[in-house]
Each structure stands twice: as structure tokens, then as C-alpha cells.
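**Student:** Below is the structure, and that's it, no one-letter string:
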């Protein structure tokens with residue numbers, strides 16, 4: 001079976017070029033064509049010998065994703081459905097920030113898996129099930145396609161689209177290293193965020209990586225029973241164990257953790273829920289992002305009231321916990337994860 005050239009890691013590209021009996025500098029040239037110039041065919045790689053290009057094309061096709069659906073929000077957000085060579089589809093979101101009515105920075109939210117095995121009860125992606133892990137190149141393709149469509153350089157990346165990044169750990173980390181590389185997209189490591197539901201092994205592995213990627217945890221409740229109901233696949237990971245792993249992460253890296261908290265009316269926005277979150281955050285260097293719930297068809301959950309959101313921000317801030325309410329982006333274009341793809 002032929003292996004897509006963009007499924008190779010950088011070290012594997014080095015090994016491949018050596019196997020082709022080519023000088024080592026050819027590996028960097030190939031890498032630059034793939035991830036610096038974003039070539040869509042070997043014929044574009046004009047400084048590689050024709051014989052090498054022929055051999056590579058025969059054994060390792062260069063496959064790229066294609067945008068098959070695009071929607072543009074009134075706030076400038078663009079949401080894409082991207083299809084890969086085998087028909088697998090993912091969603092990618094491009095979010096420009098505005099300065100004096102003109103976009104000046106671009107954040108791209110990419111998927112790490114087609115579908116998702118976690119199956120959170122509030123998530124449209126979870127309802128479609130899991131298809132497969134994405135390759136290194138398929139993750140980079142999402143960034144490249146989005147920034148090309150936006151005609152803007154990507155300033156920051158969040159691995160927070162469809163899928164659980166730590167269940168595709170090796171490919172995700174390699175893709176983010178490529179995004180960080182000066183030979184590729186040259187996005188600063190601290191502007192690259194990995195959002196996990198709380199896979200302990202992944203948190204431990206990330207703490208040993210040299211890059212200063214930002215870690216975000218999709219928490220959504222600090223009450224065990226409520227979190228188990230919202231995220232049943234994670235019921236085997238107690239909150240006390242998650243907190244211990246995050247304290248260890250802080251001790252090893254001295255980096256702050258972000259908590260993503262989707263505010264759901266009368267479920268995880270009660271006074272008891274707030275007390276539980278305050279207790280969970282105690283002793284940790286953390287930032288809390290409160291997220292308004294995007295309504296999706298067939299979803300029984302309701303968003304928390306604006307007054308509740310305001311009260312939570314005030315209470316958390318009074319306890320020294322930096323808190324923000326993340327603006328809901330793209331709600332008029334099927335903004336929730338999986339919502340657009342599942343409508344096609």
C-alpha cells in the first residue's frame with residue numbers, strides 16, 4: 001500500500017531520502033516544498049532531481065485536502081468542511097480578529113480526528129461517531145487551506161476542532177511542530193494550543209515535550225456526577241486524578257493551564273457548580289474560559305443566562321482566578337463542532 005508523503009514525520013523524511021540514496025540536504029528541500037511552499041504536486045518541486053520526484057510519486061503520493069463547503073459568518077468567521085482523499089471529512093474554523101474594522105490576526109481551529117470517539121452529550125461531532133485519525137499533513141492542510149482562503153497568515157492555532165488530540169498524540173504533536181517550524185508556518189509555540197478532554201497519559205507526555213505549547217482542558221464541570229453525565233467516556237478518569245496530573249504538569253513546566261467551561265443552564269451553572277469549580281482551581285495556575293452554548297438541532301441543553309455568566313466571572317475573579325467569557329463565533333453558520341458537516 002502506498003503511503004502519503006505528508007503522513008511522514010520530519011525524521012522519517014530524512015530516512016526516506018537516505019533510502020533513495022540522495023544527499024541529506026534533499027530532505028530539507030522536500031520538507032520546504034511540502035510545508036513551506038505547500039506544493040500540491042511533485043512537478044512543482046523544481047530543485048529536486050526528476051528521478052527523485054518520479055520515485056517519490058510512485059511510492060508516496062502527494063495528497064491534499066479540498067474545501068467542499070464554506071460558510072461565512074457576519075462576524076468574519078469562516079467555517080469549512082474539508083474532504084480528504086478517502087472521503088473522510090472534517091471541520092476547520094478560521095477566526096479573524098479585527099482592528100479598526102480590518103482583520104489583523106487569524107486564529108485557526110483545526111481537527112485532529114475525523115469524527116470523535118469521546119461522544120460528549122452536548123457535542124454535535126460526538127453524535128457522528130469516530131472515522132479515523134488524521135495524518136500530519138491533513139492537519140497542516142487545514143491551516144494552509146484556511147489561511148489561503150482568508151488571504152491572511154495564521155497567527156495562532158488551536159487543536160480543538162473535531163477529535164481528541166491526545167488520542168492521536170504522535171501525529172498531533174508532529175503537526176504542531178511543523179506549524180511552529182521556521183521552515184513552515186513559523187507560528188510561535190505559545191500561540192499553539194492543544195485542547196484535551198483530560199487524557200492523563202497525554203498530559204504527562206506533553207509535560208516532557210520541549211515546546212511551550214499551551215494546554216487547555218475541556219472541563220465543563222468540576223462536579224464528578226455532572227461531568228460524567230456530560231462526558232461519559234471519561235467517567236473512568238476521576239477529577240481528583242485529573243487535578244493531580246495538572247499540578248504535576250505545572251510543577252514540571254511552570255506553564256498555566258486553561259479550562260474550557262461550556263455554560264449550560266440549570267446543569268453546570270448552579271451555585272453548587274460554581275463552588276466546585278472554585279475548589280478545583282484552588283492551588284493551580286489557571287485561566288478559565290466560560291463558553292456560551294451554541295444551540296444545535298436536537299440538543300436539549302439551553303445556554304446560561306447572561307446574568308449568570310456575569311456572576312461567575314465576578315466570583316472567579318474575586319478568588320484570583322483569571323476568567324474570560326469567550327465570544328460565541330460563527331453561531332449564524334452552524335458554529336458548533338460537527339454542526340456544519342453533519343448538515344451536508
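**Tutor:** Cool, the structure landed. Note that the structure is predicted; figures quoted are calculated from it, not measured. Numbers count the residues shown, from 1 in each chain.

**Student:** gap between the two ends of stretch 14-24?
**Tutor:** One end of stretch 14-24 sits 7 Å from the other (CA to CA, to the nearest Å).

**Student:** For residue 103, grab the count of nearby residues.
**Tutor:** Using other CB atoms under 10 Å, residue 103 has 15 other residues around it. (Each C-beta comes from the backbone N, C-alpha and C, glycine too.)

**Student:** Quick check: it is in a helix.
**Tutor:** No: read with DSSP: H, G, I helix; E, B strand; the rest coil, residue 103 is strand and lies in no helix.

**Student:** in terms of contact, does it touch residue 152 like I think?
**Tutor:** Yes: the criterion here is CB atoms under 8 Å, and residue 103 meets it with residue 152 at 6.3 Å.

**Student:** Give the closest residue to residue 76 in space, chain neighbours not counted.
**Tutor:** Counting by CB to CB, 6 or more residues apart in numbering, residue 76 lies nearest to residue 96, which is 4.9 Å off, once chain neighbours are set aside.

**Student:** for the one helix or strand that neighbour maps to, what is the average pLDDT?
**Tutor:** Assigned by DSSP states H and E, residue 96 belongs to strand 89-99. Average pLDDT, strand 89-99: 91.

**Student:** Stretch 167-185 too?
**Tutor:** Computed over stretch 167-185, the mean pLDDT rounds to 97.

**Student:** quick one: that stretch to chain centroid distance?
**Tutor:** Distance, stretch centre to chain centre, for stretch 167-185: 11 Å (CA atoms, centre = their mean, to the nearest Å).

**Student:** How about stretch 37-46?
**Tutor:** 27 Å.

**Student:** Compute the number of surrounding residues for residue 108.
**Tutor:** Residue 108 is flanked by 28 other residues according to other CB under 10 Å.

**Student:** my guess is it is in a helix, correct?
**Tutor:** No: under the criterion used here (three-state DSSP), residue 108 is strand, not part of a helix.

**Student:** ok, it - contacts?
**Tutor:** In this structure, residue 108 makes contact with 92, 93, 94, 95, 142, 143, 146, 147, 154, 156, 157, 158, judged by CB atoms under 8 Å, 6 or more residues apart in numbering.

**Student:** Chain neighbours aside, what residue packs nearest to the third one?
**Tutor:** Right, residue 94. That would be residue 146: by CB to CB, 6+ apart, it lies 4.1 Å from residue 94.

**Student:** The stretch 51-200 of the chain: helices as residue ranges?
**Tutor:** Per DSSP state H, counting those that start in this stretch, the stretch 51-200 of the chain carries helices over the ranges 136-150, 169-180, 200-206.

**Student:** What are the contacting residues of the last one?
**Tutor:** Outside of helix 200-206, the residues that reach it under the criterion CB under 8 Å, 6+ apart are 165-167, 169, 173, 194, 196, 213, 215, 237, 241-242, 245-246, 248-249.

**Student:** ok, now the second one?
**Tutor:** Residues from elsewhere that reach helix 169-180, judged by CB under 8 Å, 6+ apart: 9-10, 35, 112, 133-137, 139-140, 143, 154, 157, 159, 165-166, 184-189, 192, 194, 202, 205-206, 209, 211, 213.

**Student:** So which bits of it are buried?
**Tutor:** 169, 171, 172, 173, 174, 175, 176, 177, 178, 179, 180 (16 or more other CB atoms under 10 Å).

**Student:** closest to residue 279 among those residues?
**Tutor:** Checking those against residue 279 with CB to CB, the nearest one is residue 169 at 29.9 Å.

**Student:** tally of neighbours for residue 272?
**Tutor:** When neighbours are counted by other CB under 10 Å, residue 272 registers 11.

**Student:** Could you check the pLDDT of the residue lying closest to it once chain neighbours are set aside?
**Tutor:** Spatial nearest neighbour of residue 272, chain neighbours left out: residue 223 (7.0 Å); criterion: CB to CB, 6+ apart. Listed pLDDT for residue 223 reads 98.

**Student:** So which of the contacts of helix 200-206 is the closest to residue 116?
**Tutor:** residue 167 (8.7 Å).

**Student:** Quick one: neighbours of that closest one, just the number.
**Tutor:** The tally of other residues near residue 167 (other CB under 10 Å) stands at 19.

**Student:** Against residue 113, how distant is it?
**Tutor:** 7 Å (CB to CB, to the nearest Å).

**Student:** what sits in contact with each of these two?
**Tutor:** Common neighbours of residue 167 and residue 113, counting by CB under 8 Å, 6+ apart, are residue 133.

**Student:** coming back round to it: surely the residue nearest to residue 272 touches residue 273?
**Tutor:** Yes: the criterion here is CB under 8 Å, and residue 223 meets it with residue 273 at 5.9 Å.

**Student:** Got the domain ranges for the protein?
**Tutor:** 5-59, 66-343 (automatic domain parsing).

**Student:** Please point out the stretch among these with the lowest average pLDDT.
**Tutor:** Ranked by mean pLDDT, the domains of the chain bottom out at domain 66-343, with a mean of 92.

**Student:** ok so, going back, may I see the helices of the stretch 51-200 of the chain arranged in JSON lines, with distance to residue 78 as well?
**Tutor:** Shown next, in JSON lines, are the helices of the stretch 51-200 of the chain (distance: least, CB to CB, whole Å):
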{"stretch": "helix 136-150", "distance to residue 78": "7"}
{"stretch": "helix 169-180", "distance to residue 78": "19"}
{"stretch": "helix 200-206", "distance to residue 78": "29"}
